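**Student:** Okay, predicted coordinates and the sequence, questions at the end:
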Amino acid sequence: MLTSSPSERLWPGGDVTFKVAVAQIKPKLGDLQSNLSVYEEKIGQGRNLGADLLLFPELSLTGYFLRDMVPNVALKLSSQEVKRLERLSRELAFVAGLVEESSDCRFYNAAVYFEGGEIRHVHRKVYLPTYGMFDEQRYLARGDRIRAFDSKFGRMALLICEDMWHPSTPYLAALDGALAILCPSTSPLRGITDGQAQDDNALYWELINRTYAQTFGLFLIYGNRVGFEDGVGFWGGSEIVDPFGQRISKAKYYEEDFIIGEVAVDSIRRKRTRAPLLRDEDVDLTINELMRIRGRPSNLKDVRASEDLRVKRKATRNRRGAAGKNKRRKQQK
């Protein structure tokens, strides 16, 4: 029986195009209702500009440096606020950034994809930074999966900010059939150098956005925020990058902005035809080597312990086999 790859199951093909927008906003820390009003305004703006899909930044419903406020602003997916977002998605599909509360009272930095009046996909941030100014893992639980999902625009994936700094995540998304990666972000200014147009953070983000888009032959939609929280500034610079690494649209640095660009699905085909890297990817090789790396003994002591365990298990099997034979002989007599 023939089976299809994930991307084949929902590949729009042909001359399909749609418009993607990014709302580069400055959320108010801990003010859900105010930020919900901004969402409504930007969704209306997107609809008026003819957008089909809108990306909001990471934690843009709550603000970023929440710390002990996390339980106060967390939303269950059955909450009235989320129901309100579902209704708004009847007008325009969008990605919201919020704190999700699970049924077992865990709190997640989540990106939620809304389409057609319902939730179609939830991504819980996998990599929670705890270095420098960041302290997410003290207040939030980690997600445990990377999954592409089907939408009316084709197969997509959500990755949140720090997730993208780990090359395994866009790799997995691409292998799972994603034609576009949507990345809500809250990236601060870091590494300012005299004579340099942008800070180091901005330069690195722009580099990996182009690199991942070109390497995996997909669209990269990056949505950052602006403004200040606790004296920390956010640089903005949201962008939409095509599979050839070319910018379709670029937002201003340091200021609120709203950008929109056209996604032509056929450009994915052209890129992947010229550079069929995903076609040639040896998934079994990757899995086998990762299993080897994950399972290999870390030192000689572990090697000996592993060998001792193997010998003991073999001896146990032999004893059980001998006992079974003796029992059958007695029964035969």
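**Tutor:** Perfect, I can see it now.

**Student:** Mind telling me what element the nearest residue to residue 136 once chain neighbours are set aside is part of?
**Tutor:** Nearest residue to residue 136, sequence neighbours excluded (Cβ to Cβ, 6 or more residues apart in numbering): residue 128, at 3.8 Å. Placement of C-beta: from N, CA and C, glycine included. Using DSSP states H and E, residue 128 sits within no helix or strand.

**Student:** The residue nearest to residue 61 when sequence neighbours are not counted pairs with what?
**Tutor:** Excluding the flanking residues, the one nearest residue 61 by Cβ to Cβ, 6+ apart is residue 98, at 4.3 Å. Assessed by DSSP bridges, residue 98 has beta-bridge partners residue 110.

**Student:** Distance of the residue positioned nearest the centre of the chain relative to residue 21?
**Tutor:** Closest residue to the average C-alpha location of the chain: residue 159 at 1.3 Å, with Cα atoms, centre = their mean. Noted for residue 159: a distance of 19 Å to residue 21, by Cβ to Cβ, to the nearest Å.

**Student:** Same check on residue 155?
**Tutor:** Taking Cβ to Cβ as the measure, residue 155 falls 20 Å from residue 21.

**Student:** Quick check on the two: which one has the bigger neighbour count.
**Tutor:** residue 21 (28 against 22; other Cβ atoms under 10 Å).

**Student:** Would you confirm that that one belongs to a strand?
**Tutor:** Yes - according to DSSP: H, G, I helix; E, B strand; the rest coil, residue 21 belongs to a strand.

**Student:** Going along the chain, name the helices of this protein.
**Tutor:** 6-9, 32-48, 70-73, 80-88, 136-139, 168-175, 200-216, 266-274, 277-280, 283-295, 300-332 (DSSP state H).

**Student:** which residues does the residue nearest to residue 61 contact?
**Tutor:** Applying Cβ atoms under 8 Å, 6 or more residues apart in numbering, we find residue 98 in contact with 59, 61, 62, 75, 110, 112.

**Student:** out of everything not next to it in sequence, what's closest to residue 51?
**Tutor:** Per Cβ to Cβ, 6+ apart, closest to residue 51 is residue 21, 3.9 Å.

**Student:** So the one you found versus residue 124, what's the distance?
**Tutor:** Taking Cβ to Cβ, one finds residue 21 at 24 Å from residue 124.

**Student:** got it, and residue 94?
**Tutor:** Counting by Cβ to Cβ - residue 94 and residue 124 are separated by 18 Å.

**Student:** Quick one: mean pLDDT for stretch 289-298?
**Tutor:** Averaged over stretch 289-298, pLDDT sits at 81.

**Student:** I should have written stretch 41-49 there, sorry.
**Tutor:** 98.

**Student:** Check stretch 60-80 too.
**Tutor:** 98.

**Student:** cool, and stretch 125-144?
**Tutor:** pLDDT averaged over stretch 125-144 gives 96.

**Student:** That stretch: end-to-end distance?
**Tutor:** 8 Å (Cα to Cα, to the nearest Å).

**Student:** Report the buried residues of that stretch.
**Tutor:** 125, 126, 127, 128, 134, 136, 139, 140, 141, 143 (16 or more other Cβ atoms under 10 Å).

**Student:** Closest to residue 227 out of those?
**Tutor:** residue 134 (17.3 Å; Cβ to Cβ).

**Student:** residues in contact with that closest one?
**Tutor:** residue 162.

**Student:** Now do it against residue 190, distance only.
**Tutor:** 10 Å.

**Student:** Repeat that for residue 269.
**Tutor:** Distance from residue 269 to residue 190, by Cβ to Cβ: 37 Å.

**Student:** Repeat that for residue 204.
**Tutor:** Residue 204 sits 9 Å away from residue 190, going by Cβ to Cβ.

**Student:** Same check on residue 246?
**Tutor:** With Cβ to Cβ as the criterion, residue 246 and residue 190 are 26 Å apart.

**Student:** Comparing those two, which shows the higher neighbour count?
**Tutor:** residue 190 (15 against 12).

**Student:** gap between that one and residue 27?
**Tutor:** Taking Cβ to Cβ, one finds residue 190 at 20 Å from residue 27.

**Student:** Could you verify my assumption that residue 127 touches residue 162?
**Tutor:** Yes - the criterion here is Cβ atoms under 8 Å, and residue 127 meets it with residue 162 at 4.5 Å.
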